[in-house]
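*Asks:* here is my input, please return the structure:
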Amino acid sequence: MAQLHAYKDKFPKVKDNALLFPSAEITGDVEIGEKTIIGAGVKIIGDSHGPVRIGNNVQILENSVLHLLPDNELHIEDDVIIGPGCMIHGCHIGSGTVVEPGAIVCDHSRVGRNCVVRAGSVVKQRSLFPDQVVLEGFPAKMDDSAGGVLSRPSWRLSYEAVARLIRDK
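*Replies:* The predicted structure is shown next:
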C-alpha cells in the first residue's frame, strides 16, 4: 500500500478498489475514486491549500506530481489518464482526457472533456480549453490539424494486470 499521510486534520480517502503502488505518497485533503491507479513514485499533495479530488477509473502514472496553490483546488474527473512524469497543479481536467508524458497543466486552468494534452506541452495558468481538442506546445495551443476522433493511448494500463502485480507482492 502507498504511503498515506495526514496534514493537520485531513487524511486521504481512498476507495477500497483503487490501486496504489507502494512508492506513491498521498498527503492531506485528497479523495481517490473507484478503480483508479496511482503509479510508482506519484506524489499527490492536498495540504493546507485546498482539496484534491480524483474521479473513478483514473490512471496517474509513474513519477507524476499533483499539487496546488492556496485558495485553489485540483479536480480530475473520471477516466482521465495522466502519463508518466507530469506536473498537474491546481487545475480541472475533464473526463476522458489524456495528458501525455511530461506535460504540465498549471493552476486555475481548465481542460475540457476528451482532450489530449500532447507530451511535453505546458498549459499555462488560467488557460481555458473546450471539450475534444488536442493541445500542444509551449504554451499549449489547440492543434487544429489533429481533427477526428481521439483514441485512448496504447500505453494505458490494464486495471486487472496492475491489480495482479500489486497483490502478488
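*Asks:* residue 124 reaches residue 140, doesn't it?
*Replies:* Yes: using CB atoms under 8 Å, residue 124 is in contact with residue 140, at 7.3 Å. For every residue, glycine as well, the C-beta is placed using N, CA and C.
*Asks:* for the two, indicate the residue with more neighbours.
*Replies:* More neighbours surround residue 140 than the other of residue 124 and residue 140, with 25 against 14 (other CB atoms under 10 Å).
*Asks:* so what pLDDT did the more buried one get?
*Replies:* We have a pLDDT of 96 for residue 140.
*Asks:* if it is in a bridge, with which residues?
*Replies:* For residue 140, the beta-bridge partners are residue 137 (DSSP bridges).
*Asks:* please name the residues that touch the spatially closest residue to residue 68 that is not a sequence neighbour.
*Replies:* Nearest non-adjacent residue to residue 68, counting by CB to CB, 6 or more residues apart in numbering: residue 90, 3.3 Å away. Each residue near residue 90 by CB atoms under 8 Å, 6 or more residues apart in numbering is listed here: 49-50, 67-69, 72-74, 106-108.
*Asks:* closest to residue 115 out of the residues you listed?
*Replies:* Ranked by distance to residue 115 (CB to CB), those are led by residue 106 at 15.2 Å.
*Asks:* was I right to think that closest one contacts residue 121?
*Replies:* No: Residue 106 is not in contact with residue 121 according to CB under 8 Å; the separation is 11.1 Å.
*Asks:* compare those two (neighbour count), which wins?
*Replies:* Of the pair residue 106 and residue 121, residue 121 is the one with more neighbours under other CB under 10 Å, namely 22 against 19.
*Asks:* what's the closest non-adjacent residue to that one?
*Replies:* Once flanking residues are discounted, residue 121 sits nearest to residue 140: 4.4 Å by CB to CB, 6+ apart.
*Asks:* show the contacting residues for the one you found.
*Replies:* By CB under 8 Å, 6+ apart, the contact list for residue 140 reads 117-118, 121-124, 127, 129.
*Asks:* the same query, at a cut-off of 7 Å, please.
*Replies:* For residue 140, the contact set (CB atoms under 7 Å, 6 or more residues apart in numbering) comprises 117, 121-123, 127.
*Asks:* separation between it and residue 167?
*Replies:* To residue 167, residue 140 is 38 Å away according to CB to CB, to the nearest Å.
*Asks:* do residue 109 as well
*Replies:* Residue 109 sits 36 Å away from residue 167, going by CB to CB.
*Asks:* who's more crowded, those two?
*Replies:* Neighbours per residue (other CB under 10 Å) separate residue 109 from residue 167, with residue 109 holding more: 20 against 8.
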